[in-house]
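Novice: When you get a sec, could you give me coordinates for this:
(4 chains)
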There are 4 protein chains.
Amino acid sequence: MQADLDRRRPGQSRIATPRKETDTCKILSGTYGGMTTGTPIHVFVPNTNQRRGDYTAMAKAYRPSHADLTYDLKYGIRSVQGGGRASARETIGRVAAGALAKKILKLKSGVEILAFVSKVHQVILPEDAVDYESLTLDHIESNICRCPNPEYAEKMIAAIHKVRVTGDSVGGVVTCIVRNVPRGLSSPVFDKLEALLAKAMLSLPASKGFEIGGGFACTDLTRSEHNDEFYMDETRNVRTRTNCSGGVRGGISNGETIYFKVAFKATASIGKKQNTVTRDHQHIEHRTKGRNDPCVVPRAVPIVESMAALVLMDQLMAYSAQCELFRLNLSLQQPVGSINNTHVLAPDLP
Amino acid sequence: MQADLDRRRPGQSRIATPRKETDTCKILSGTYGGMTTGTPIHVFVPNTNQRRGDYTAMAKAYRPSHADLTYDLKYGIRSVQGGGRASARETIGRVAAGALAKKILKLKSGVEILAFVSKVHQVILPEDAVDYESLTLDHIESNICRCPNPEYAEKMIAAIHKVRVTGDSVGGVVTCIVRNVPRGLSSPVFDKLEALLAKAMLSLPASKGFEIGGGFACTDLTRSEHNDEFYMDETRNVRTRTNCSGGVRGGISNGETIYFKVAFKATASIGKKQNTVTRDHQHIEHRTKGRNDPCVVPRAVPIVESMAALVLMDQLMAYSAQCELFRLNLSLQQPVGSINNTHVLAPDLP
Amino acid sequence: MQADLDRRRPGQSRIATPRKETDTCKILSGTYGGMTTGTPIHVFVPNTNQRRGDYTAMAKAYRPSHADLTYDLKYGIRSVQGGGRASARETIGRVAAGALAKKILKLKSGVEILAFVSKVHQVILPEDAVDYESLTLDHIESNICRCPNPEYAEKMIAAIHKVRVTGDSVGGVVTCIVRNVPRGLSSPVFDKLEALLAKAMLSLPASKGFEIGGGFACTDLTRSEHNDEFYMDETRNVRTRTNCSGGVRGGISNGETIYFKVAFKATASIGKKQNTVTRDHQHIEHRTKGRNDPCVVPRAVPIVESMAALVLMDQLMAYSAQCELFRLNLSLQQPVGSINNTHVLAPDLP
Amino acid sequence: MQADLDRRRPGQSRIATPRKETDTCKILSGTYGGMTTGTPIHVFVPNTNQRRGDYTAMAKAYRPSHADLTYDLKYGIRSVQGGGRASARETIGRVAAGALAKKILKLKSGVEILAFVSKVHQVILPEDAVDYESLTLDHIESNICRCPNPEYAEKMIAAIHKVRVTGDSVGGVVTCIVRNVPRGLSSPVFDKLEALLAKAMLSLPASKGFEIGGGFACTDLTRSEHNDEFYMDETRNVRTRTNCSGGVRGGISNGETIYFKVAFKATASIGKKQNTVTRDHQHIEHRTKGRNDPCVVPRAVPIVESMAALVLMDQLMAYSAQCELFRLNLSLQQPVGSINNTHVLAPDLP
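Specialist: Numbering: from 1, shown residues only, chains lettered A, B, ... in the order given. Okay, the predicted model is just below:
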């Protein structure tokens, strides 16, 4: 869990915000003797590096492109420290929970979830520069930009530095792939797997777009150019020769690798002067003093993985409820302790 | 309600499937004397034009790029007529419910929801070819392609005809705008307004992508190029000079016009021969005999509007629960009949 | 399904309402070739015997002890035919769904759900007059009152006749037992099994109370008089010698027989004159002309069983999701069609 | 909030467990400057008085009438300190949240929620010994047993002492009344108000029964003896002369006082020797060393109030969403800060 939190936290590299937050997680309940108890797990991550001074200006002015105004509109109050509820610190919880989900998915179904940066500002990683089947976490973590291709990683890092010095910021795109997804996950209508993933990704701060498989580009193709034909593989499984659909079909996983992209806009807080208004309706100029990221995209990588893991974990459970149930024959003969989820957190996991 | 159903139904124009389905809706319960009773409304829309013969071939083979296989994997059975649960006929329910939601939103908050076709195959409607503030339903319905710009509408219709003759099909993009959205709708973290819209749109058959505001393109810009500054308008409201964010900020509506795009892939069923396998694992060639659309995008327009309406209606209700509550002072003195939602379906509505 | 609907429908015996409603169910979707498809099942049960005339008086006056007033208060309108949403006809849906749940529970876990009448007006069936372990459906259905003890059944039928002739009505108590419940169902805090059952039962028309195990009476006992000691049975299972707790412990099923009671008040509509007011605030006298039951309790028996089945089915699915998941090892190797729930509706079931 | 927590905590009086737990609550997030921010409120209540030694015996043996076994069956592990998830300490959260709900209900609708002890072991408070309309919190808190009638309070306290000396324990009944409930709360079918209350109460540790209005006793009466006739009161409101229904009709509140009862069994842990089995299937004798209550019922009073408050708060919000919505006319003209829930926690409240 801490490993993923460290991938998310600020101050981890020279292209992230200088804010130093250790984000050390403490488990307050839900485990016993190093094992989960089946009851809620309380993870506590205090903020160790908050500078109150940074936020006094915000108390007066609504920061352009921030949630200050909309929160005030909805809640009739502002809790401005760290941007209140709008602070990206809330993603710590997503990463902590996602770390558990990843572990269970890997253990139970061999599911592997890997995200990486495929675009920063105008630097685009070509589709053919990374192989979805052989990609590993090491490739991704080999550089501070989390782009598995070293050449493009350098270009991206350069792009971030360019805006950093001007106090500006840029956005980008995160690609996520999921291998070994069991077939039959999710449901046909409102809760299609792609719908659940889209919701999860658009719930992330600064995300503006989601596409799965061919995505927006597939509208350039005709059906016959963009069509996954079936064949039987050596293991007598029905597979598709191509994977335009991105591992889902009719809302349900088909066993092929799932891949999708998430667009993140540039972060809101920048050092430049901007026009805005105050809570009492005066026009003023405003310069954010907070120490924000020139590019959040590298830090978004573990968050995207975590949200994907949470969606898939839910669907794996739903699948078990809907389909596995009909393979079982539950009875009173169940021996004590036979339902054992305690190895979920066992240390001997890959 | 019927008006929207007619915009969705097959056989409505020469660029849609020739299948003639009248899709006449019959309200079986939930209304009394032409008014809603506050209890569930049962709308019944029987399928009047189903040719069983069309589907016998599918009973054997899994249609490439169809949900046949994944449904069989999940449910262990196939109900092949009309593609079973995968039939786009399920969207009738979305449109019927959406028609009511639209009416209430319009009545209660003046919310206007308009969708149109902004791309068909490689024909792209330029951003500046349509003005989001002055656009009307008449502009959109002025042609069978539902593109408000006549010149581009013709190009799109031509593109559809081109693939139609070859028995092929194409996809495209639907843009949706929502005007006069009350400020403060939706919530800050998992249920951001853009997240709920993304889920709703990716739950539509054949949709592969969603983007709101600047979307994927905004990753090309730096923060300072892509930044909504605040000002006070003449009505003493805080507004933004630009609207890169697409009407949402931190997951909550800010009162500006919401706009988003949805990508739809080409429909699966085409007349061409394709390789596939049968349920008993044999390789065969397959040609779909069904009468499907060369391009579903024009028919998707009312469906996109409906899903947007359902999301906003839910959020308007949630807003009332969370925020309006604190303006009220409920008491026993409430006169009988004073809570009156009976005019929701009254005929005298704009 | 029809069998249970017939146990619920009016006009089934001389102690029920004379209204003749055949309540014939028609399955409109969700099955194919006599098997469930895994998609929603639409059961349609039209009302074949509604006399509009019966309800004209109600259009003016609020019937004492009816929901007329509260519905008008909430919805600002009255749909008076059959009492609108308050009509007990809504329980048809509960019974139809419950019939399926019962079948799956029986098939998958050998769960047996049996309810019977244990009190009518002041006639109380003694605890020792029925043995929870050997009770069968035949015992219950052996008389029109659905009391498994013939002697008390006669007393109850007599009590119903006594009020019937005066146009009055009486209530009573339904006891429900569930045998062979898998151990470990439900969860520890808000969704305790007894909490879910209590909600299900109090959601039934005319129900006023719920108790499980010792219920209200157990408050007369000290802990040491009311205490389930553990022992190992011959199958090496941990069992309890007594079952004061009624098959649940800490909100979770312990494998012992679940038993609970539901109190039903006398039905509202009676032929006697009563004082009431009209919608326009005038005091008037009112006599219901509807043909209602002198005692609904015998008809409530299948409804109680159905709600219990729905609660347990949900919990069995949740159990599979939470616990069985950790026994599985899902993989891509899953052969097509191996997830097979199609025998759920097969005719060869006990 | 602390006031209610103090009413719940152990060690508060000589008839409660001697365990001294201060249960001091600390608000970690969700408020700013003494006001709620509209975001989740994190209340932290550490356990300051846990004696590990107390629980070592339990690690081996399953305590009779405890949840030890069922938890092990479900989760495959035991977290025995404080009974793990089964510890009644979880009710602290219910009371903390309930305190807020009570405050909002009182402020917004004048709703008053009062619970008291109406039975301890075999000491029953007569119905006519307390007047539901004039009852106050002071009456209830006037003695450690929380029975508003001093004479019966003494009898109850005596009954508790009697079992206390023998190391045994007893249960009892809590009655809860709710005055000034807005009319029209809750919904007609599955989520009837009585159903939601029943679920809330049966989710409490040791509760075995729930009844509303006439409850089980009303089955002794005929309809004509048990019938709430309508009249117009001086404020032109439709009222009922009697209130057998307990303030709900057809699942919806009718504005009369809601009253219901909850049965609590005697607590499980007692000092006497009992037969049980160990996790490894051996029969042994067991004596609990924990310091538990001879009667939990007085401490259950604030918990019952809190759960009632949470149910009503939810329904008040739902009511606002469903019904108030149709009175509003939301628009862009909403001034900043006009939606103001910040006085919810203001100190100047009664």
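Novice: What segments of the stretch 151-300 of chain A are helices?
Specialist: A:193-202, A:297-322 (DSSP state H, counting those that start in this stretch).
Novice: Alpha carbons of the shortest one, as CSV, please.
Specialist: Extracted as CSV, the C-alpha positions of helix A:193-202 are listed here (Å, rounded to 0.1, in the frame of the first residue of the first chain):
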residue,chain,number,x,y,z
LEU,A,193,-17.7,-2.3,-17.8
GLU,A,194,-16.6,0.7,-19.9
ALA,A,195,-19.3,2.8,-18.3
LEU,A,196,-18.0,2.0,-14.8
LEU,A,197,-14.4,2.7,-15.8
ALA,A,198,-15.4,6.0,-17.5
LYS,A,199,-17.2,7.1,-14.3
ALA,A,200,-14.2,6.1,-12.2
MET,A,201,-11.8,8.0,-14.4
LEU,A,202,-13.9,11.1,-14.8
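Novice: So which elements touch it?
Specialist: Counting contacts by 3 or more Cβ pairs under 8 Å, 6 or more residues apart in numbering or on different chains; DSSP states H and E, helix A:193-202 is packed against strand A:207-212, strand A:258-264, helix A:297-322, helix B:193-202, strand B:207-212. For every residue, glycine as well, the C-beta is placed using N, CA and C.
Novice: give the contact list for the residue nearest the centre of chain A.
Specialist: Of all residues in chain A, the one closest to the mean position by Cα atoms, centre = their mean is A:Val304, 1.2 Å from it. Listed by Cβ atoms under 8 Å, 6 or more residues apart in numbering or on different chains, the contact set of A:Val304 reads A:Ala115, A:Val174, A:Cys176, A:Met201, A:Leu204, A:Val262.
Novice: count of neighbours near A:Leu221?
Specialist: 18 (other Cβ atoms under 10 Å in any protein chain shown).
Novice: how close does it get to chain C?
Specialist: Per Cβ to the nearest Cβ, to the nearest Å, A:Leu221 is found 27 Å from chain C.
Novice: Contact partners for that residue?
Specialist: So A:Leu221 contacts A:Gly214, B:Val170, B:Gly171, B:Ala266 (Cβ under 8 Å, 6+ apart).
Novice: where's the spatially closest residue to A:Arg249 that is not a sequence neighbour, which helix or strand?
Specialist: Sequence neighbours aside, B:Thr70 is the residue nearest to A:Arg249 in space, at 4.5 Å (criterion: Cβ to Cβ, 6 or more residues apart in numbering or on different chains). B:Thr70 is part of helix B:68-75 when elements are defined by DSSP states H and E.
Novice: how about that helix: buried residues?
Specialist: Across helix B:68-75, burial judged by 16 or more other Cβ atoms under 10 Å in any protein chain shown covers B:Asp68, B:Leu69, B:Thr70, B:Tyr71, B:Asp72, B:Leu73, B:Lys74, B:Tyr75.
Novice: any idea which of those residues is the one closest to B:Asp280?
Specialist: B:Asp72 (11.8 Å; Cβ to Cβ).
Novice: show me the contacts for the closest residue to A:Arg223 other than its chain neighbours.
Specialist: Leaving out its chain neighbours, the residue that sits closest to A:Arg223 by Cβ to Cβ, 6+ apart is B:Ala266, at 3.7 Å. Each residue near B:Ala266 by Cβ under 8 Å, 6+ apart is listed here: A:Cys218, A:Leu221, A:Thr222, A:Arg223, A:His226, B:Asp168, B:Ser169, B:Val170, B:Gly171, B:Ala206, B:Cys295.
Novice: Test my guess that the third one contacts B:Ala159.
Specialist: No: counting by Cβ atoms under 8 Å, no contact exists between A:Thr222 and B:Ala159, whose distance comes to 10.0 Å.
Novice: Find residues that contact each of those two.
Specialist: With Cβ under 8 Å, 6+ apart, A:Thr222 and B:Ala159 have common neighbours B:His121, B:Val170.
Novice: Surely A:Gln322 touches C:Met317?
Specialist: Yes: applying Cβ under 8 Å as the test, A:Gln322 and C:Met317 come out as touching, 6.9 Å apart.
Novice: for the residue nearest to A:Arg249, what are its contacts?
Specialist: Residues near B:Thr70 by Cβ under 8 Å, 6+ apart: A:Arg183, A:Gly184, A:Val248, A:Arg249, A:Gly250, A:Gly251, A:Ile252, A:Ser253, A:Asn254.
Novice: now these as a markdown table including pLDDT and neighbour count?
Specialist: Output for the contacts of B:Thr70, formatted as a markdown table (pLDDT from 0 to 100; neighbours: other Cβ atoms under 10 Å in any protein chain shown):
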| residue | pLDDT | neighbour count |
| --- | --- | --- |
| A:Arg183 | 90 | 26 |
| A:Gly184 | 90 | 26 |
| A:Val248 | 94 | 26 |
| A:Arg249 | 90 | 29 |
| A:Gly250 | 89 | 27 |
| A:Gly251 | 93 | 26 |
| A:Ile252 | 93 | 25 |
| A:Ser253 | 94 | 25 |
| A:Asn254 | 92 | 26 |
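Novice: Which residue comes closest to A:Lys199 once chain neighbours are left out?
Specialist: Counting by Cβ to Cβ, 6+ apart, the residue nearest A:Lys199 is B:Lys199, at 3.6 Å.
Novice: actually A:Lys192, not the one I wrote
Specialist: Using Cβ to Cβ, 6+ apart and skipping the chain neighbours, the partner closest in space to A:Lys192 is A:Gly251 (2.8 Å).
Novice: In contact with the one you found, which residues are there?
Specialist: A:Ser186, A:Ser187, A:Pro188, A:Val189, A:Asp191, A:Lys192, A:Leu193, A:Glu194, A:Ala195, B:Ala67, B:Thr70, B:Ser203.
Novice: since we're on the fifth one, how many residues are nearby?
Specialist: When neighbours are counted by other Cβ under 10 Å, A:Asp191 registers 16.
Novice: tell me the contacts of it?
Specialist: A:Gly251, B:Ser203.
Novice: what's the most distant pair in the contacts of A:Leu221?
Specialist: Applying Cβ to Cβ across the contacts of A:Leu221, the maximum distance is between A:Gly214 and B:Val170, 12.7 Å.
Novice: the more surrounded of those two?
Specialist: Between A:Gly214 and B:Val170, counting by other Cβ under 10 Å, B:Val170 is the more crowded of the two (31 against 22).
Novice: That one contacts B:Pro298, correct?
Specialist: No: between B:Val170 and B:Pro298 there is no contact under Cβ under 8 Å: 11.5 Å.
Novice: Could you list the low-pLDDT ranges of the stretch 1-150 of chain A?
Specialist: Residues of the stretch 1-150 of chain A meeting the criterion pLDDT under 70: A:17-21, A:49-59, A:78-85.
Novice: how about the strands in it?
Specialist: Applying DSSP state E, counting those that start in this stretch to the stretch 1-150 of chain A gives strands spanning A:26-29, A:31-32, A:35-36, A:42-44, A:112-120, A:123-124.
Novice: Verify the contact between the residue nearest to A:Lys199 and A:Leu197 for me.
Specialist: No: when contacts are counted by Cβ under 8 Å, B:Lys199 is not listed as touching A:Leu197 (9.0 Å).
Novice: Who has more neighbours out of these two?
Specialist: Legend: neighbour count by other Cβ under 10 Å for B:Lys199 and A:Leu197, higher for A:Leu197 (29 against 26).
Novice: State the distance from the residue nearest to that one when sequence neighbours are not counted to chain D.
Specialist: In space, and not counting its chain neighbours, A:Leu197 is closest to A:Val311: 5.6 Å by Cβ to Cβ, 6+ apart. A:Val311 sits 22 Å away from chain D, taking Cβ to the nearest Cβ as the criterion.
Novice: Lowest pLDDT pick from the contacts of A:Gly251?
Specialist: Note: of the contacts of A:Gly251, the lowest pLDDT belongs to B:Ala67, at 81.
Novice: Which strand residues bridge A:Ala263?
Specialist: As for beta bridges, A:Ala263 partners with A:Val173, A:Gly209 under DSSP bridges.
Novice: residues in contact with it?
Specialist: A:Gly171, A:Gly172, A:Val173, A:Ser207, A:Lys208, A:Gly209, A:Phe210, B:Glu211, B:Gly215, B:Phe216, B:Cys218, B:Thr219.
Novice: Perfect, that will be all.
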